[in-house]
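Novice: I would like the atomic coordinates for the input below:
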Amino acid sequence: MRLVLWDIDHTLIATRGVGRQIFGECFEEVTGQPMIKMATVDGQTEPVIFRETARLHGITSDRPMFEAFARCSVERHHQRVRELRERGHALPGAAAALAAVAALDGVMQSVVTGNIRGVAKIKLAVFGLDNHIQWDCGGYGDDHDERAELVRLAMQRTSHALDTAIKPAEVLLIGDTPADVAAGQANHVRVLAVASGNSSVDDLSAAGADTVVADLHSRKELLSMLH
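Specialist: Numbering: from 1, shown residues only. Okay, the predicted model is just below:
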């Protein structure tokens, strides 16, 4: 069995500002302060983004505060599904890439994402990209602050589900940031980096990705890494 772990934001989808708006609304609801500025997002997990954004506003956050924020975020994403669908979009080639991997024998697909699990499910469902994802085998922002730990956890969950150990050589991580590359390297798994976010092909190559593509339009590299 081989395992493909997808990042979500800027790898499979773009929310075109809806996610940031929801973050700001929930930040204010939980902290009582309007969000004036937001911490760096690319490659970071949701608890880190929340904690650092709170710090930028002079607030010391804790886990219960983040959990309240997470509940708010899931609720607001549910409420704004229509807006997500209208303003956001699946990235070019994403649906076809997921389907192409699903057509291979002996390959399981899940996600490693900084998103809260409930939000991750909503985002992919909105754009019809959830059909091939084994959600219980993924790693999510509400599991751990560090992306490398999410990769490890996804491998552990998959091994448990299959009742056999998944080896690093059997895992392919797909993401759009140097943080995705670093998380893969920390777990000795191969990384296909997609320059569909804010990181360029050169940035991702310099970070050490095994293969870098401009987008998911061409599936040649993806499929060759799974054969």
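
Novice: if I look at the nearest residue to residue 3 once chain neighbours are set aside, how far off is residue 158?
Specialist: In space, and not counting its chain neighbours, residue 3 is closest to residue 171: 4.8 Å by CB to CB, 6 or more residues apart in numbering. Any C-beta I mention is one placed from the backbone N, CA and C, and that applies to glycine too. Distance check for residue 171 against residue 158: by CB to CB, to the nearest Å, it reads 8 Å.

Novice: which neighbours do these two share?
Specialist: residue 3 (CB atoms under 8 Å, 6 or more residues apart in numbering).

Novice: Around residue 32, count how many other residues there are.
Specialist: Residues lying near residue 32 (other CB atoms under 10 Å) number 8.

Novice: same check, this time on residue 185
Specialist: Residues lying near residue 185 (other CB under 10 Å) number 18.

Novice: contacting residues around it?
Specialist: Residues in contact with residue 185 (CB under 8 Å, 6+ apart) are 191, 208.

Novice: Residue 92 now?
Specialist: Going by CB under 8 Å, 6+ apart, residue 92 touches 196, 215-217.

Novice: Looking at the record's assignment, how would you partition the chain?
Specialist: Per automatic domain parsing, the domain ranges recorded for the chain read 2-14+89-224, 18-85.

Novice: among those domains, which is the most enclosed?
Specialist: Per residue and on average, the most neighbours among the domains of the chain fall to domain 2-14+89-224, with a mean of 20 (mean count of other CB atoms under 10 Å).

Novice: circling back to that earlier point, looking at it, the residue nearest to residue 3 is touching residue 183, isn't it?
Specialist: No - counting by CB atoms under 8 Å, residue 171 stays clear of residue 183, with 11.2 Å between them.

Novice: list residues touching both of those two?
Specialist: residue 151.

Novice: got a list of contacts for the helix or strand bottoming out on mean pLDDT in the chain?
Specialist: In the chain, no helix or strand scores lower on mean pLDDT, DSSP states H and E than helix 220-224, which sits at a mean of 94. With contacts defined as CB under 8 Å, 6+ apart, helix 220-224 is touched by 97, 100-101, 104, 174, 192, 211, 213, 216.

Novice: Off-centre distance for it?
Specialist: 20 Å (CA atoms, centre = their mean, to the nearest Å).

Novice: Do you have the strands of the protein handy? List them.
Specialist: For the chain, strands defined by DSSP state E occupy the ranges 2-6, 13-14, 89-90, 107-111, 171-175, 190-194, 211-213.

Novice: With residue 47 as the reference, name the closest of the ones you listed.
Specialist: Nearest to residue 47, of all these, is strand 107-111, at 16.7 Å by CB to CB.

Novice: tell me the mean pLDDT for the closest one?
Specialist: The pLDDT scores in strand 107-111 average 97.

Novice: Could you figure out how far that strand is turned away from strand 171-175?
Specialist: Calculated by axes from the mean of the first three to the mean of the last three CA atoms, to 10 degrees, strand 107-111 forms an angle of 40 degrees with strand 171-175.

Novice: how much space between the residue nearest the centre of the chain and residue 81?
Specialist: Residue closest to the average C-alpha location in the chain (CA atoms, centre = their mean): residue 113, at 2.5 Å. Using CB to CB, we find residue 113 at a distance of 18 Å from residue 81.
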